[in-house]
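*Asks:* All I have is the shape, not the residue letters:
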């Protein structure tokens, strides 16, 4: 094999590497947990988010989070309609999104954690009660 054939084979191998990287990037598009779908809309609505966070501080309404072997229990101060998003940084396919009303007189949100992977989770809980909106963001480890 002469040096010309080796150069052509090297160029072919490099082109195959580039094609494989393009296919991989298209395959991974949309699965990245670090990218928000509505990034600009969230920026525009930041004041409402800030106000909701301040309501949690002003009304001392920080939720109590308890982690058991089978459940994630979140207790709110008052009965409320909530929207809960649990995001896993490792894989956005594992994200958990729940909407509903608190249950019982203790105002609980119960999440089944038997199908949730162990590790770091980002919790984003928004709820509304008595005409006010609240927002709580935190990291938890399961």
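*Replies:* Cool, the structure landed. What you are looking at is a predicted structure, and each value in this text was computed from that prediction instead of being measured.
*Asks:* For the residue nearest to residue 56 when sequence neighbours are not counted, list the residues it contacts.
*Replies:* Distances taken as CB to CB, 6 or more residues apart in numbering put residue 134 closest to residue 56, at 5.1 Å, once the chain neighbours are dropped. Where you see a C-beta, it was placed from the backbone N, CA and C, and this is true even at glycine. By CB atoms under 8 Å, 6 or more residues apart in numbering, the contact set of residue 134 is 52, 55-56, 59, 61, 80, 126-128.
*Asks:* Give me the buried subset of the residues you listed.
*Replies:* 52, 55-56, 61, 80, 126-127 (16 or more other CB atoms under 10 Å).
*Asks:* Mind listing the residues bridging to the residue nearest to residue 56?
*Replies:* residue 127 (DSSP bridges).
*Asks:* re the thing from before, can I get the buried ones among the contacts of residue 134 in JSON lines including secondary structure?
*Replies:* Formatted as JSON lines, these follow (DSSP: H, G, I helix; E, B strand; the rest coil):
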{"residue": "52", "secondary structure": "helix"}
{"residue": "55", "secondary structure": "helix"}
{"residue": "56", "secondary structure": "helix"}
{"residue": "61", "secondary structure": "coil"}
{"residue": "80", "secondary structure": "coil"}
{"residue": "126", "secondary structure": "strand"}
{"residue": "127", "secondary structure": "strand"}
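*Asks:* Residue 88: which of those residues is nearest?
*Replies:* Nearest to residue 88 among the buried ones among the contacts of residue 134 is residue 126, at 18.7 Å by CB to CB.
*Asks:* ok, now how distant is that closest one from residue 109?
*Replies:* Counting by CB to CB, to the nearest Å, the separation of residue 126 from residue 109 is 12 Å.
*Asks:* Name the residues contacting each of those two.
*Replies:* Joint contacts of residue 126 and residue 109 (CB under 8 Å, 6+ apart) are residue 82.
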